[in-house]
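Undergrad: Got a sequence here, can you build the structure:
(chains A, B, C and D)
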2 protein chains.
Amino acid sequence: MRDGRETKERITRAALTLFVEKGFAETSIRDITSAVGVTEGALYRHFASKEQLAWDLFSTNYISFATELTRARIGRTGFGAQIGAMLDTFCRFFDEDPELFSYLLLVQHNESGKLPDTIKTPVDAVRECVIDAMESGDIPPADPEFVTASLLGVVLQVATARIYGKIDKGLCELKDELTATCLRVAQG
Amino acid sequence: MRDGRETKERITRAALTLFVEKGFAETSIRDITSAVGVTEGALYRHFASKEQLAWDLFSTNYISFATELTRARIGRTGFGAQIGAMLDTFCRFFDEDPELFSYLLLVQHNESGKLPDTIKTPVDAVRECVIDAMESGDIPPADPEFVTASLLGVVLQVATARIYGKIDKGLCELKDELTATCLRVAQG
DNA sequence: CATCTGCAAGTGAACGATCACTTACTTTGG
DNA sequence: CCAAAGTAAGTGATCGTTCACTTGCAGATG
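TA: Numbering: from 1, shown residues only, chains lettered A, B, ... in the order given. Okay, the predicted model is just below:
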């Protein structure tokens, strides 16, 4: 039989590419299906709506990324080791699929509010790391939200500069510089 | 005569609010005009199209903000003084109209590519400051794009945290902390 | 002072295009 | 043969934009 799962994956990837390239609202169902080479009905065989397609794309990857980040942290002791491990995870995730990362960054503000509060996000993972480090005295006390935002800012903006071609090294190559910068940020 | 300029300004503000709240594509002309209390024809008396309305809103403020940033820098000597002055300008700009700032941040990636290369953007202002500081030895040599992105990241992400209510102090109150963090970022 | 005039400002119905989505039908392959 | 996968022609709603028309007002005219 014709393999429906393969079609579904091709739809998912085409949607990801187009959402990043043109934006969600500016991408029509026809754009997606004609990029894949199927008709609109085929898409609705696999997804209930355009919104659900976008949501599937977001929630699956956003949550699994948060899980990876948290897993990278456990077992490590000390702020430097934990941030280093999380940055390693982040850089590999980014370099492996920059398009996916762009999508998560792009729609994060619209979609992350739909997540139940019980679900841990990547932002939560960083915040927990910061709070732990403050409690254990690894970094000086300060507003955890301020420090978390600063750390996220460095990483996300460097990643954005990479996406726009302003930085020509992959993030994995920049991992040590990123780690050093993050450590300086946190050492208030 | 009925004051057309006042109507135009009310359309501009309503569009700003709605674009930030719902996004550009999700905001219809009817949404804007009914928020103002006029009909659709009246909007087209003042703006050629929905796109031009969004573009006017962006380009005017984006450019004038870049001008303010550059002006804050001139006359100051030393990286610390220059970054401090630019942060002061930024924080006041943000606190004065967070909604406007949100809009510039939101549409920046779509619209800034339409600016001619001769126009100086806020990002350019920061990059120039970084390059000057490296040449004069105020900060250690590094990839200017990396340092620029890191500095921007800290400031923009803290501003974003403020917008989302995660930080409850105004940016002007956080200016000293922001300055200190930026100095630490640049001292590679 | 009263009236006329010209024009910017605003109205509201209509237009064609496009959209997400549906449905009745056909093809495919175990 | 049968169920899943895919097709193709629709549906109604909504969108940005247009246009013929009305309204309000400043200044010229007599």
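Undergrad: where does chain A dip in pLDDT?
TA: A:1-2 (pLDDT under 70).
Undergrad: Could you list the contact residues of it toward chain B?
TA: A:23-26, A:110, A:142-143, A:145-146, A:148-150, A:152-158, A:160-161, A:166-167, A:174, A:177, A:180-181, A:184-185, A:187-188 (CB under 8 Å from any CB of the partner chain). Every residue, glycine included, has its C-beta placed from N, CA and C.
Undergrad: near DNA strand D, which residues of chain A?
TA: A:1-5, A:7, A:37-42, A:45-46 (CB under 7 Å from any atom of the strand).
Undergrad: quick one: the helices in chain A?
TA: A:4-22, A:29-36, A:40-46, A:50-73, A:79-96, A:98-111, A:122-135, A:144-163, A:175-186 (DSSP state H).
Undergrad: What count of nearby residues applies to the closest residue to residue A:83 other than its chain neighbours?
TA: Using CB to CB, 6 or more residues apart in numbering or on different chains and skipping the chain neighbours, the partner closest in space to residue A:83 is residue A:182 (5.4 Å). Residues within reach of residue A:182, counting by other CB atoms under 10 Å in any protein chain shown, total 25.
Undergrad: Residue A:31 too?
TA: When neighbours are counted by other CB under 10 Å, residue A:31 comes out with 16.
Undergrad: Now do the contacts for it.
TA: Remark: with contacts taken as CB atoms under 8 Å, 6 or more residues apart in numbering or on different chains, residue A:31 is in contact with A:18, A:22.
Undergrad: separation between it and chain B?
TA: To chain B, residue A:31 is 14 Å away according to CB to the nearest CB, to the nearest Å.
Undergrad: Same question for residue A:99.
TA: Applying CB to the nearest CB to residue A:99 and chain B gives a distance of 15 Å.
Undergrad: you'd agree that residue is up against residue A:20?
TA: Yes. Residue A:99 lies in contact with residue A:20 (CB atoms under 8 Å); the separation is 5.6 Å.
Undergrad: Distance of the residue nearest to residue A:83 relative to residue A:86?
TA: 9 Å (CB to CB, to the nearest Å).
Undergrad: one step back: just the buried subset of the residues of chain A next to DNA strand D, please.
TA: Among the residues of chain A next to DNA strand D, the ones that count as buried by 16 or more other CB atoms under 10 Å in any protein chain shown are A:7, A:38, A:46.
Undergrad: May I see the residues you listed arranged in CSV, with distance to DNA strand C as well?
TA: Formatted as CSV, these follow (distance: CB to the nearest atom of the strand, whole Å):
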residue, distance to DNA strand C
A:7, 12
A:38, 11
A:46, 11
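Undergrad: Need those residues in a markdown table (columns: distance to residue B:136).
TA: Output for these, formatted as a markdown table (distance: CB to CB, whole Å):
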| residue | distance to residue B:136 |
| --- | --- |
| A:7 | 59 |
| A:38 | 59 |
| A:46 | 59 |
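Undergrad: before we move on, back to that, please list only the buried members of the residues of chain A next to chain B.
TA: Using 16+ other CB under 10 Å, the buried ones in the residues of chain A next to chain B are A:23-24, A:143, A:145-146, A:148-150, A:152-158, A:160-161, A:166-167, A:174, A:177, A:181, A:184-185, A:188.
Undergrad: For residue A:143, what are phi and psi?
TA: Note on residue A:143: its backbone torsions stand at phi -70, psi 120 [degrees, to the nearest 10].
Undergrad: Surely it is in contact with residue B:167?
TA: Yes. Residue A:143 is within contact range of residue B:167, at 6.9 Å (criterion: CB under 8 Å).
Undergrad: Report the contact partners of the closest residue to residue A:178 other than its chain neighbours.
TA: If the residues on either side of it in the chain are set aside, residue A:178 comes closest to residue A:87, at 5.5 Å by CB to CB, 6+ apart. When contacts are counted by CB under 8 Å, 6+ apart, residue A:87 is found next to A:155, A:175, A:178, A:179, A:182.
Undergrad: Apply 10 Å and report the result again.
TA: A:69, A:72, A:151, A:155, A:171-172, A:174-176, A:178-179, A:181-182 (CB atoms under 10 Å, 6 or more residues apart in numbering or on different chains).
Undergrad: Let's have the residues of chain A next to DNA strand D in TSV, adding distance to residue A:55.
TA: TSV is the format used below for the residues of chain A next to DNA strand D (distance: CB to CB, whole Å):
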residue	distance to residue A:55
A:1	28
A:2	26
A:3	24
A:4	20
A:5	19
A:7	19
A:37	24
A:38	21
A:39	23
A:40	19
A:41	21
A:42	19
A:45	18
A:46	14
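Undergrad: Looking at those residues, which one is closest to residue B:62?
TA: Lowest distance from residue B:62 to the residues of chain A next to DNA strand D (CB to CB) belongs to residue A:40, with 38.0 Å.
Undergrad: How about the contacts made by that closest one?
TA: So residue A:40 contacts A:28, A:29, A:30, A:32, A:33, A:34 (CB under 10 Å, 6+ apart).
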